[in-house]
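# the amino acid sequence is not available; the structure is as follows:
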């Protein structure tokens, strides 16, 4: 444990015991509701696979495997470690690819999203952050730092506006088909800054 992790250890205990269980349960419920029965799903940045495991308990007909750039903790689902650039699967390998609270940790979202789009056959599900100006950017940056520092996770603070998210989707020929509202992740989490997008693959010409 690093010196910084030691300083933040009490915060980590609170997150592990109070915040994370509620948040992950809610996230699993919301995302599972967007997945079709019998879907094959890839979880990009799955960590230890907790949310994916919860989703398969909610809907036992879906099959989820994961990829991540690290293996700090044992995984509850089958997991491959990769370089964070090239996803180690062929084109159109999965009915759905989900990426939950991961993209804002990357310096450049579009190349990562492009790879996700390559291996997705039908849909992409994204849960991430969204800003509405300087105040919200500062607020989300602070919250992101506090929630990641106890685990030694570096922050890129890459929080697009809705317009920037939409621009990414349009460039890749992705259309928003569902965006759940009235999300209740837990105390202190405003759904305004924590969107979930279900995207459908369409032709780039149609998207324009």
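Thanks, I have the structure now. Please read these numbers as outputs of a predicted model, since none were measured by experiment. Residues are numbered from 1 along each chain as shown.
# now do residue 8, the pLDDT please.
We have a pLDDT of 68 for residue 8.
# and the one 10 residues further on, by the same measure?
Reading off the per-residue confidence, residue 18 sits at a pLDDT of 68.
# contact partners of stretch 71-87?
42-44, 46-50, 52-53, 56, 64-70, 88, 111-112, 115-116, 118-119 (Cβ atoms under 8 Å, 6 or more residues apart in numbering). The way it works is simple: take the backbone N, C-alpha and C, and place the C-beta from them, glycine included.
# just the buried residues out of the residues you listed, in PyMOL syntax.
This is the PyMOL syntax for the buried subset of the contacts of stretch 71-87, where burial follows 16 or more other Cβ atoms under 10 Å:
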select buried, resi 42+43+44+46+47+48+49+50+52+53+56+64+65+66+67+68+112+115+116+118+119
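# tell me which entries of the contacts of stretch 71-87 lie within strands.
When these are checked against strands (DSSP state E), the matches are 42, 43, 44, 64, 65, 66, 67, 68.
# ends of stretch 73-80, what's the gap?
13 Å (Cα to Cα, to the nearest Å).
# residue 107 is in contact with residue 156, isn't it?
Yes - under the criterion of Cβ atoms under 8 Å, residue 107 makes contact with residue 156 at 5.2 Å.
# which one of the two has more residues nearby?
Each of residue 107 and residue 156 has its neighbours counted (other Cβ atoms under 10 Å); residue 156 has more, 13 against 9.
# please tell me how far that one sits from residue 106.
Residue 156 is 6 Å from residue 106, where distance means Cβ to Cβ, to the nearest Å.
# go on, residue 182?
28 Å.
# these two - which one has more neighbours?
More neighbours surround residue 106 than the other of residue 182 and residue 106, with 16 against 5 (other Cβ under 10 Å).
# what's near enough to touch the residue nearest to residue 102 when sequence neighbours are not counted?
The shortest distance from residue 102 to any non-neighbouring residue, by Cβ to Cβ, 6 or more residues apart in numbering, is to residue 45 (3.4 Å). Going by Cβ under 8 Å, 6+ apart, residue 45 touches 67, 68, 69, 99, 100, 101, 102, 105.
# closest to residue 31 among those residues?
The closest of the contacts of residue 45 to residue 31 turns out to be residue 100 (Cβ to Cβ; 6.8 Å).
# hang on, isn't the closest one packed against residue 51?
Yes - here residue 100 reaches residue 51: they are 6.2 Å apart, a contact under Cβ under 8 Å.
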